[in-house]
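**Student:** build me a model:
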Amino acid sequence: MKKRNLLITTALVGTMTIGGIAPTTLAHDALGSDVNKGERFVFDQDAIEQLSFSLTGSKNVSNFKEAAAVQISLKDGVQNNTADVYAHKGFAYLGTHTANGGNGGVRVFDLKNPSNPVEVAVFADEIPNTWQEKVIVKSVNTPHFKGDLAAVSVQQTSRNNVNRPNSKGGVLLYDVTDPTDPKKLGFYELDRRITGTHELYLTTQGNRALVLTSSPYADYYTHGEQEDFQIIDVTDPTNPEKMWGWDPRELEEIPEDFNGYHWHAPDGKTRPVFNHSVITDNNAQYAYVSMWDLGTVIFDIKDPENPVFLGRTDYRDDQKGAAHSAALARGGTILIETREVSNPVGVGYESAYGYTRIFDIKDKTNPILLSEFTTDLTYQEPFINTFAKTVHDPKVHGNTLYLSYYSGGVVMVDITNPSNPVQIGQYTPEDADVWGVFVDRNYILASDMGQGLKVLTRGQGQGNGNGNGR
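**Tutor:** Numbers count the residues shown, from 1 in each chain. Below you'll find the model as predicted:
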């Protein structure tokens, strides 16, 4: 079999630091109907074996090697594509997107040998005409459940379609204490008028387990009956219950006539406002909600039945907000905000694809912008999709920020000085379409929409995806 060509250098890559209508202003999540993003680029394992990659870097990322690249298996004769990636106790969990009709479920890979990941299970694929982008796995101990709990986002591929009466969105909950044998526990079902839950976060407070959900345009589609941001009590995962929901109209700066996230902002622009993503700090004291052009909204959730709005990030008049995802650094005192801007045009806006902003949030009522990070990326052409040049998801490990960048792959950034972020590495598979990145002590995982799971390991030899080292 033809081997991949390798390009590994330790050169420092270039860096740069720089001190609409809602239902049609869509992010990559495709809030519309029947989207098959990435379907053109679906590879089998033999094709992946013949691809090359480049990995450049310095400092603490220079000794990472690509240990494996493995496609997810066919399901019912269909090749799905991947979405986000998460790892827990030596297993990788890959969500799936919409190619070939969706319903790819969550794929579980055993990473015991990182150079030879083995797919051992598929779950959360039982609801017709849906896709499962996000999965979070945590060890929980509640009066009702003790073990490893997986929360999975579920979205309809075609919202409220009368020809698909069994399709519905929400949150699936699974017992993955044995990752090779996941067991369904419960389902938090949303109104069919809502596409579903796009991103979510699973966390614990003492012996209580919570899921925080992002359901874009929920308020709009249900005429205020449900909210984009909800906190769900999953202490008993067989019986998830809503605790609280939030409507942006509760903010003084949002007028009462705010209609379906058509925000007539103070800068004179009509900006989209919807909940795209949410995370918490490690102790689940605060929630960080990515509300697109409203910025990253910060809540005190110590009492999850009565959260308190604290503050939010804002933008220059010429910036598209597009707050897509967030990560924390320095014990929760630094906020990383990624902005997904795939179309850098528009009257009154700067001509720039999405880039990253870093804030000091020691005072969470007053986030202070420290820096804005963009980069001259090395891209693999032709571009896979229109989101090729925008940043996507952030993860932080120590003083290194890892950014998924679609056709740019994964970019590593030194944030030792958050006022002066410096690019120190880039991993770019051939025909890259990297959706998600996850950082563990022993490896970096990347989910490539068309190619599946990528594994980078520290100080180990490269494999070819089948465990054959060089």
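**Student:** burial count for Tyr353?
**Tutor:** Tyr353 has 18 neighbours, counted by other Cβ atoms under 10 Å. Where C-beta positions appear, they are placed from N, C-alpha and C, glycine not excepted.
**Student:** next up, identify which helix or strand the spatially closest residue to Phe309 that is not a sequence neighbour is on.
**Tutor:** Among residues not flanking Phe309 along the chain, Phe299 sits closest, at 5.9 Å (Cβ to Cβ, 6 or more residues apart in numbering). In the assignment (DSSP states H and E), Phe299 maps to strand 296-300.
**Student:** how about the CA coordinates for that strand, as PDB?
**Tutor:** In PDB, the C-alpha atoms belonging to strand 296-300 read as follows (Å, rounded to 0.1, in the frame of the first residue of the first chain):
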ATOM      1  CA  THR A 296     -20.000  35.600  24.800                       C
ATOM      2  CA  VAL A 297     -22.600  36.000  27.600                       C
ATOM      3  CA  ILE A 298     -21.400  35.100  31.200                       C
ATOM      4  CA  PHE A 299     -23.800  33.700  33.900                       C
ATOM      5  CA  ASP A 300     -23.300  32.900  37.500                       C
END
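**Student:** show me what it is packed up against.
**Tutor:** strand 286-290, strand 308-312 (3 or more Cβ pairs under 8 Å, 6 or more residues apart in numbering; DSSP states H and E).
**Student:** so what's the residue nearest to Phe309 bridging to?
**Tutor:** Ala287, Phe309 (DSSP bridges).
**Student:** now render the helices and strands packed on strand 296-300 as CSV, adding mean neighbour count and distance to Thr204.
**Tutor:** Formatted as CSV, the helices and strands packed on strand 296-300 follow (neighbours: other Cβ atoms under 10 Å; distance: least, Cβ to Cβ, whole Å):
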stretch, mean neighbour count, distance to Thr204
strand 286-290, 26, 14
strand 308-312, 16, 20
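**Student:** among those, which is nearest Asn343?
**Tutor:** strand 286-290 (18.4 Å; Cβ to Cβ).
**Student:** tell me the angle that closest one makes with strand 296-300.
**Tutor:** 160 degrees (axes from the mean of the first three to the mean of the last three Cα atoms, to 10 degrees).
**Student:** now strand 286-290, how far from the centre of its chain.
**Tutor:** Relative to its parent chain, strand 286-290 has a centroid offset of 14 Å by Cα atoms, centre = their mean, to the nearest Å.
**Student:** what's it in contact with?
**Tutor:** Contacts of strand 286-290 with the rest of the structure, by Cβ atoms under 8 Å, 6 or more residues apart in numbering, involve 201, 212, 214, 229, 231, 246, 275-280, 296-301, 307, 310, 323-326, 328, 332, 335, 337, 364.
**Student:** out of the residues you listed, list just those in strands.
**Tutor:** Among the contacts of strand 286-290, DSSP state E puts 201, 212, 214, 229, 231, 246, 277-280, 296-300, 310, 323-326, 328, 335, 337 in strands.
**Student:** can you pull out the helices in this protein?
**Tutor:** Counting by DSSP state H, the segments of the chain that form helices are 45-49, 218-221.
**Student:** which positions within stretch 88-98 qualify as buried?
**Tutor:** By 16 or more other Cβ atoms under 10 Å, the buried positions in stretch 88-98 come out as 88, 91-98.
**Student:** return the subset of those residues lying in strands.
**Tutor:** Counting by DSSP E, the buried residues of stretch 88-98 contribute 88, 91-96 to strands.
**Student:** format the residues you listed as a markdown table; extra columns: distance to Leu445 and pLDDT.
**Tutor:** Formatted as a markdown table, those follow (distance: Cβ to Cβ, whole Å; pLDDT from 0 to 100):
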| residue | distance to Leu445 | pLDDT |
| --- | --- | --- |
| His88 | 11 | 98 |
| Phe91 | 11 | 98 |
| Ala92 | 6 | 98 |
| Tyr93 | 10 | 98 |
| Leu94 | 9 | 98 |
| Gly95 | 12 | 98 |
| Thr96 | 15 | 98 |
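**Student:** export the residues you listed as a markdown table, with columns for distance to Asp431.
**Tutor:** As requested, these are exported to a markdown table (distance: Cβ to Cβ, whole Å):
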| residue | distance to Asp431 |
| --- | --- |
| His88 | 29 |
| Phe91 | 27 |
| Ala92 | 21 |
| Tyr93 | 24 |
| Leu94 | 18 |
| Gly95 | 20 |
| Thr96 | 18 |
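**Student:** burial count for the closest residue to Lys184 other than its chain neighbours?
**Tutor:** Leaving aside its chain neighbours, Lys184 sits nearest to Tyr174 (5.7 Å; criterion: Cβ to Cβ, 6+ apart). Tyr174 has 23 neighbours, counted by other Cβ under 10 Å.
**Student:** contacts only, for Tyr174.
**Tutor:** Under the criterion of Cβ under 8 Å, 6+ apart, the neighbours of Tyr174 are 123-124, 149-150, 152, 182-185.
**Student:** let me know the pLDDT of it.
**Tutor:** Looking at Tyr174, its pLDDT is 99.
**Student:** in the sheet, who's paired with it?
**Tutor:** With DSSP bridges as the rule, Tyr174 is bridged to Ala150, Lys184.
**Student:** same thing with Arg339?
**Tutor:** Under DSSP bridges, the beta-bridge partners of Arg339 are Ala323.
**Student:** what number of residues lie near it?
**Tutor:** So Arg339, with other Cβ under 10 Å, has 26 neighbours.
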